[in-house]
Structures are given as structure tokens and as C-alpha cells.
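Visitor: here are the coordinates; sequence isn't available:
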């Protein structure tokens with residue numbers, strides 16, 4: 001079948017990462033094509049990010065809520081002096097305009113250097129092809145799972161206690177014992193009126209089932225005096241935290257598909273939003289997009305983050321809150337380096353070193369077992 005004319009950029013996949021890349025490349029004046037089987041699917045997931053991760057071009061209207069100092073509870077309470085933002089998912093999708101992007105509704109059969117082959121045999125060509133189709137969930141991959149309910153702020157208040165948000169609350173008022181795989185409460189405002197209360201399995205291989213998380217959430221909320229209506233909206237989450245290769249078959253991945261997801265936290269959207277403009281600029285200037293996205297420092301940090309995932313998967317249930325107690329005692333700059341600094345080798349290593357030094361001896365032994 002005859003190939004379509006060559007574009008500057010072709011993006012396979014129009015989730016948040018792919019749509020951000022397509023929209024910002026078009027905004028930069030590049031000719032852009034995008035392919036997705038459901039390009040106009042309405043996004044429903046909740047996306048959060050540290051406010052300092054978000055690019056300056058993102059409209060203020062995309063921020064549904066901002067918490068200046070979210071709380072965490074490990075073996076003790078912490079105040080995180082780093083603003084956290086919850087995005088308005090619909091506004092985010094609208095802000096990433098595809099008006100100047102040629103969109104093809106189709107499934108991709110294969111991707112290769114400069115070319116995407118569709119299921120019907122049609123070939124789409126571009127000078128730069130990016131695979132942003134996400135990462136399939138498999139039984140072999142480490143996953144994050146979560147079950148949440150959305151309720152009004154007054155109803156949620158007892159769960160939040162005196163906090164504006166819980167970034168992580170590892171207390172065991174969710175019906176678990178010290179031998180059970182742990183899960184935490186993630187509680188954040190969605191706007192001025194609504195709050196998401198979500199029981200989360202950070203990482204697991206296998207991850208906790210959604211039904212178990214639903215049971216734990218109900219137990220936790222009941223223990224805190226929160227009565228959720230049977231008709232309350234729910235959110236179900238399951239995804240792989242082990243992203244795809246940075247480059248495969250000569251094609252650069254983007255978003256979770258391209259290694260931008262933090263394997264120890266599951267966060268990826270902010271990193272993709274932040275990378276979209278520099279990547280578009282590199283393409284316009286004729287620079288190598290791979291070298292821009294993956295300098296040696298970024299590759300090193302990605303390796304250290306993968307080690308962090310191995311450590312989390314190897315901790316005993318009682319050691320998980322102890323590990324995070326040491327982490328949240330770090331200076332905010334070191335927390336930021338590990339959570340957000342894709343190229344900050346020194347900060348990432350120093351943060352890991354400090355956590356190891358501050359953690360109890362049992363946690364240190366578990367860390368050593370996983371990194372040998």
C-alpha cells in the first residue's frame with residue numbers, strides 16, 4: 001500500500017505523554033502526525049505532580065488543586081515542604097491541542113525507523129517516530145494498584161485529620177497486620193469541593209488485588225469515622241511501573257513506553273510534559289532527540305532508580321514505613337533529586353546514601369541484599 005507523505009514527527013499513542021509531545025511539536029511549527037485507535041477517548045485518571053516539575057507553558061487552569069505542604073505518615077508524621085498539584089484531567093486534555101496535528105484513528109502493527117505500519121497495511125512516514133503507546137501490564141512486571149473513592153471535602157475531613165492532603169499514610173488502621181504486604185492512603189483534593197481517598201499498593205510483583213485494596217480502604221475509612229455513600233465515584237488503578245526500553249527497533253520511546261516513568265513511584269506524566277518542549281526544540285534544530293532525552297547523566301539516574309525499585313520490592317512489610325521515614329527526613333532538595341531529578345546524578349546518589357545511613361539496621365540489610 002502506498003505510504004503517506006513524510007511528516008517531521010509521527011507519534012504512536014495519544015495518552016497524556018504522546019498527546020503532549022504531538023501538541024508541543026506542532027506548537028513549535030513542526031509537521032506532526034499521530035496514530036491512536038481511540039484518539040478522542042476522554043481521560044478519566046487522576047494525575048498528580050510536584051508543582052515544581054510542571055513546565056511553565058502549562059496553563060494555570062490545568063491545576064485543579066494545589067497543596068503547599070502535604071503530609072506523610074510513616075512510623076511518625078512528616079510535613080513535606082514541597083507544593084503538590086493535582087491536575088484537572090479534562091483541562092489537561094483540552095490544553096494539549098491536536099488542532100494542527102494530522103490524527104489517524106487506527107491500530108499500529110509495527111514501528112520502525114521513520115515509519116509506522118498500520119493494521120490495514122498503510123505506511124505512515126516521518127523523519128522522527130516516537131512510540132508513546134504505554135506499557136502493557138503483565139504478570140511478570142512490577143505493578144502499582146490502587147482503589148479509590150471520590151467524596152465531598154466534609155465527608156473526607158476525618159481521614160485527612162488536620163492535613164490538606166496525605167501524600168502517603170502508611171498507618172495500619174486498614175485492617176492489616178505487620179506480616180501483610182503494606183498499602184498506604186493517598187488522599188488529595190481534586191478541587192475545592194471533592195477529595196480522592198485512595199488505598200495504594202506502591203509496587204508489587206504481584207501487586208495487591210483491587211478487591212483487597214477496596215476492603216482495606218473501607219476498613220481504614222470506617223476506623224476514621226468516614227462514611228462514604230454507596231453511589232460515590234470510584235477509581236481503579238493498575239499499571240506496570242517498569243517502563244519500556246528507551247529505544248527499540250530504532251524508534252525512540254516516550255512517556256512510560258520510553259523509560260520516563262519513575263519505577264519506584266509510578267509517576268510519569270510530569271516528566272513527559274517537561275520533556276516535550278526540549279524535544280521539539282531538538283528536532284527543529286536538527287539535534288539528536290535521543291541524546292537530548294537520554295544524556296549519560298539521565299541514563300545513570302535511571303539505573304539508580306531501577307535499583308530503588310528492587311529495594312522496595314525486597315523490603316519486609318515492617319521495613320517499608322521505616323524506609324520512607326528515612327526518606328522523608330531528607331532535605332527537600334534531596335527528595336526532589338531522587339523523585340524528580342532525571343539528570344541529577346550527585347543528588348540522587350547522595351539521597352540514596354543518606355537514606356541508607358539513616359535507616360534501621362534491618363532495612364540496611366534488606367537494601368544490601370537487593371543491590372548485591
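Guide: Arrived safely. Quick caveat: nothing in here was measured; it's all calculated off a predicted structure. Numbering: from 1, shown residues only.
Visitor: Touching stretch 201-215 from outside, list them.
Guide: Stretch 201-215 has contacts (Cβ atoms under 8 Å, 6 or more residues apart in numbering) with 139-147, 175, 181, 183-184, 199-200, 236, 238, 241, 263-266, 309, 312-313, 320. (Glycine included, C-beta is placed from N, CA and C.)
Visitor: And residue 11, which helix or strand is it part of?
Guide: In the assignment (DSSP states H and E), residue 11 maps to strand 7-12.
Visitor: Return the distance of that strand from the chain's centre.
Guide: Its chain's C-alpha centre and that of strand 7-12 lie 24 Å apart, by Cα atoms, centre = their mean, to the nearest Å.
Visitor: Just checking: what are the partner strands of it?
Guide: Strand 7-12 sits in its sheet next to strand 32-36 (parallel), strand 123-131 (parallel), going by DSSP bridges.
Visitor: so residue 238 sits in a helix?
Guide: No - read with DSSP: H, G, I helix; E, B strand; the rest coil, residue 238 is strand and lies in no helix.
Visitor: wait, isn't it in contact with residue 143?
Guide: Yes - counting by Cβ atoms under 8 Å, residue 238 touches residue 143, with 6.1 Å between them.
Visitor: shared neighbours, the two?
Guide: Common neighbours of residue 238 and residue 143, counting by Cβ under 8 Å, 6+ apart, are 137, 207.
Visitor: who has more neighbours, those two?
Guide: residue 143 (22 against 14; other Cβ atoms under 10 Å).
Visitor: Can you give the distance of the lowest-mean-pLDDT helix or strand in the chain from its chain's centre?
Guide: None of the helices or strands of the chain scores lower by mean pLDDT, DSSP states H and E than strand 247-248, at a mean of 76. Centroid separation for strand 247-248 versus its chain: 20 Å, with Cα atoms, centre = their mean.
Visitor: Check stretch 135-145 too.
Guide: Using Cα atoms, centre = their mean, the offset of stretch 135-145 from its chain centre is 14 Å.
Visitor: Quick check: buried residues in that stretch?
Guide: For stretch 135-145, the neighbour count (16 or more other Cβ atoms under 10 Å) marks 135, 141, 142, 143, 144, 145 as buried.
Visitor: Format those residues as a markdown table; extra columns: distance to residue 42 and pLDDT.
Guide: Formatted as a markdown table, those follow (distance: Cβ to Cβ, whole Å; pLDDT from 0 to 100):
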| residue | distance to residue 42 | pLDDT |
| --- | --- | --- |
| 135 | 21 | 89 |
| 141 | 27 | 91 |
| 142 | 28 | 95 |
| 143 | 24 | 96 |
| 144 | 22 | 97 |
| 145 | 23 | 98 |
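Visitor: pull the longest helix from the protein.
Guide: helix 296-314 (DSSP state H).
Visitor: Which residues are in contact with the most centrally placed residue in the chain?
Guide: Central residue of the chain (Cα atoms, centre = their mean): residue 267, 1.8 Å from the mean position. By Cβ under 8 Å, 6+ apart, the contact list for residue 267 reads 48, 49, 261, 339.
Visitor: Highest neighbour count among these?
Guide: Neighbour count (other Cβ under 10 Å) singles out residue 261 as the most crowded of these, with 27 neighbours.
Visitor: tell me the secondary structure for that residue?
Guide: coil.
Visitor: my guess is it contacts residue 268, does it?
Guide: Yes - with contact defined as Cβ under 8 Å, residue 261 reaches residue 268; the gap is 3.7 Å.
Visitor: Please enumerate the shared neighbours of these two.
Guide: Shared contacts of residue 261 and residue 268, defined by Cβ under 8 Å, 6+ apart, are found at 243, 255.
Visitor: can you pull out the strands in the stretch 1-150 of the chain?
Guide: Per DSSP state E, counting those that start in this stretch, the stretch 1-150 of the chain carries strands over the ranges 7-12, 32-36, 48-50, 63-67, 71-73, 77-79, 84-87, 101-105, 108-112, 115-118, 123-131, 143-152.
Visitor: Residue 287: which of those is closest?
Guide: Residue 287 lies closest to strand 123-131 among the strands of the stretch 1-150 of the chain, at 11.0 Å (Cβ to Cβ).
Visitor: residues of that closest one that come out buried?
Guide: By 16+ other Cβ under 10 Å, the buried positions in strand 123-131 come out as 123, 124, 126, 128, 129, 130, 131.
Visitor: Which secondary structure state does the nearest residue to residue 175 once chain neighbours are set aside sit in?
Guide: Distance criterion Cβ to Cβ, 6 or more residues apart in numbering; nearest residue to residue 175, sequence neighbours excluded, is residue 219 at 3.7 Å. Secondary structure, three-state DSSP: residue 219 is helix.
Visitor: Quick check: closest non-adjacent residue to residue 195.
Guide: residue 156 (3.8 Å).
Visitor: dump the residue contacts of residue 350.
Guide: Listed by Cβ under 8 Å, 6+ apart, the contact set of residue 350 reads 334, 337.
Visitor: Show the model's pLDDT score for it.
Guide: Per-residue pLDDT puts residue 350 at 97.
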